[in-house]
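Student: Sequence first, then the predicted structure, then my questions.
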Amino acid sequence: MKIETKYHGETEINEKDVLHFEKGIPGFPEEYKFILLPLPDQALFTIMQSLQTAGLAFVLTSPFNFIDKYEFSLDESTMEQLSIESQEDISVFTIVTVQDPFEKTTANLQAPIVLNIKNNKAKQVILNDSPYKIKHPLFEQLVKG
């Protein structure tokens, strides 16, 4: 199936790779389907492209690439909604806000995207009462360095 994308133009995707957000994502409740696409020359980052809106795409990264001890618990309703049976079913991403200069780029650690890799069900989880920031500097250690 071909889709129009924000960063890759027209792209061929496999429908089995489509991520399904049952209730959309915060701020975009009508956006239910996304696909992960590579970000050229950036192995640590990926694009989460909406299938409904060509101009809507988010830059994602795994928080574990940048944060040593990133931990949180999922509530029972999220586990059921995503049909999660074990921790091995889960992949976690955070939405990145790219800054200029790039070293000032931040990640939203307070609202990770949780993906069940077995069924491609996904949800952006809001971590209330979390020690994590909405705008966590990704390259803080490098800048302090």
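Tutor: Arrived safely.

Student: Could you use CA atoms for every contact and neighbour count after this?
Tutor: OK.

Student: Name the nearest residue to residue 95, sequence neighbours excluded.
Tutor: Setting aside the residues directly before and after it, residue 95 is nearest to residue 60 in space (C-alpha to C-alpha, 6 or more residues apart in numbering), at 4.7 Å.

Student: Residue 6 touches residue 56, doesn't it?
Tutor: Yes - using C-alpha atoms under 8 Å, residue 6 is in contact with residue 56, at 6.6 Å.

Student: Could you name every residue contacting both of the two?
Tutor: Residues touching both residue 6 and residue 56 (C-alpha atoms under 8 Å, 6 or more residues apart in numbering): residue 49.

Student: quick one: secondary structure of the most centrally placed residue in the chain?
Tutor: Centroid-nearest residue in the chain, with C-alpha atoms, centre = their mean: residue 93, separated by 4.0 Å. Following DSSP: H, G, I helix; E, B strand; the rest coil, we place residue 93 in the strand state.

Student: re the thing from before, can I get the host helix or strand of the residue nearest to residue 95 as PDB, trimmed to CA atoms?
Tutor: Residue 60 is part of strand 57-61, with elements assigned from DSSP states H and E. C-alpha atoms of strand 57-61 as PDB (Å, rounded to 0.1, in the frame of the first residue of the first chain):
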ATOM      1  CA  ALA A  57       4.700  12.900  11.700                       C
ATOM      2  CA  PHE A  58       6.700  12.700  14.900                       C
ATOM      3  CA  VAL A  59      10.400  12.000  15.500                       C
ATOM      4  CA  LEU A  60      10.800   9.200  18.000                       C
ATOM      5  CA  THR A  61      13.700   7.600  19.900                       C
END
